[in-house]
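> one predicted model, sequence on top.
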Amino acid sequence: MMKSTKTLPENYNLAWQINVEKDKRQMILLQLLALPWGLLVLVFLGWYVVTLRSELFGGPGFEISLGVVLALLPVMGLSVILHELVHGAFFWFFTREQPRFGFSLFYAYATAPGWFFSTSYYWLIGLAPLVILTALGLALIPFAREELVYLLLFGIFINASGAIGDIYIVTRLALEPAGTLIEDQGTGFRVYRPAE
């Protein structure tokens, strides 16, 4: 079974594609999906931190220092960068070629131009930042100082809520037949199926 290749087999045809730069409806759809997903992430993180670090919320209110507030923007940037670096590491692992990275006001991406991936490989590439970075952040929360807990929660939220595009594409790929290949184009995807 083919896992990754730079040569699309001759009997493969383009089945569908997405490009969020060109298809504004896809961008709007992802933004709409991000709202309930982000709320779900917030509820989970709230439950998690109250369960493990209830001392942070013992009084009638809680205070966050100015230093924590000022650190939110750099933590957001770091979360986005780490998210894309994890994608890039998995692209490199499966291709042994340097991935490319891109950033804009509304999204960031890592990609491996010219490569075609099986759905199983693409699931790993797509979900790796969500799983790895979330697990790492959650594992640190029980041991972190109070100020760092807030920053960790914010970083986990940015990473997890920002993964909505990854979740969307791997969910759609779950419906694809065996043998499907995916070409990541950074701002979009092309999905190829073998001819019947």
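Done, it's in. Numbering: from 1, shown residues only.
> mind listing what the residue nearest the centre of the chain touches?
Centroid-nearest residue in the chain: Ala163, 3.2 Å away (criterion: Cα atoms, centre = their mean). By Cβ atoms under 8 Å, 6 or more residues apart in numbering, the contact set of Ala163 is His83, Leu127, Pro129, Leu130. To be clear about C-beta, it is placed using only N, CA and C from the backbone, and glycine gets the same treatment.
> out of those, what pair is the most spread apart?
His83 and Leu127 (11.5 Å; Cβ to Cβ).
> run through the helices of this structure in chain order.
With helices called from DSSP state H, the chain shows them at 24-52, 66-95, 119-140, 146-161, 164-173.
> now the phi/psi pair for the nearest residue to Ala195 once chain neighbours are set aside, please.
Among residues not flanking Ala195 along the chain, Asn11 sits closest, at 4.8 Å (Cβ to Cβ, 6 or more residues apart in numbering). Torsion angles at Asn11 (phi, psi; degrees, to the nearest 10) stand at phi -90, psi 10.
> Asn11 touches Tyr192, doesn't it?
No - counting by Cβ atoms under 8 Å, Asn11 stays clear of Tyr192, with 9.9 Å between them.
> related to what we said a few turns ago, neighbour count for His83 and Leu127, which is higher?
His83 (25 against 18; other Cβ atoms under 10 Å).
> check contacts around the more buried one.
By Cβ under 8 Å, 6+ apart, the neighbours of His83 are Ala108, Pro129, Leu133, Asn159, Gly162, Ala163.
> just give me the neighbour total for the first one.
The reference is to Ala108. Neighbours of Ala108 using other Cβ under 10 Å come to 17.
> wait, it touches Gly88, no?
No - the criterion here is Cβ under 8 Å, and Ala108 misses it with Gly88 at 10.8 Å.
> joint contacts of those two?
Phe101.
> who's in contact with Phe91?
By Cβ under 8 Å, 6+ apart, the contact list for Phe91 reads Glu97, Pro99, Ala110, Thr111, Ala112, Trp115, Ile125, Asp184.
> filter these down to the buried ones.
Buried by 16 or more other Cβ atoms under 10 Å: Pro99, Ala110, Thr111, Ala112, Trp115, Ile125, Asp184, out of these.
> surely Asn13 touches Val191?
No - checked against Cβ under 8 Å, the pair Asn13 and Val191 is beyond contact range at 10.2 Å.
> neighbour-wise, which of the two wins?
A count of neighbours by other Cβ under 10 Å puts Val191 above the other of Asn13 and Val191, at 20 against 10.
> before we move on, the earlier item: so between Asn11 and Tyr192, which is more surrounded?
Tyr192 (21 against 11).
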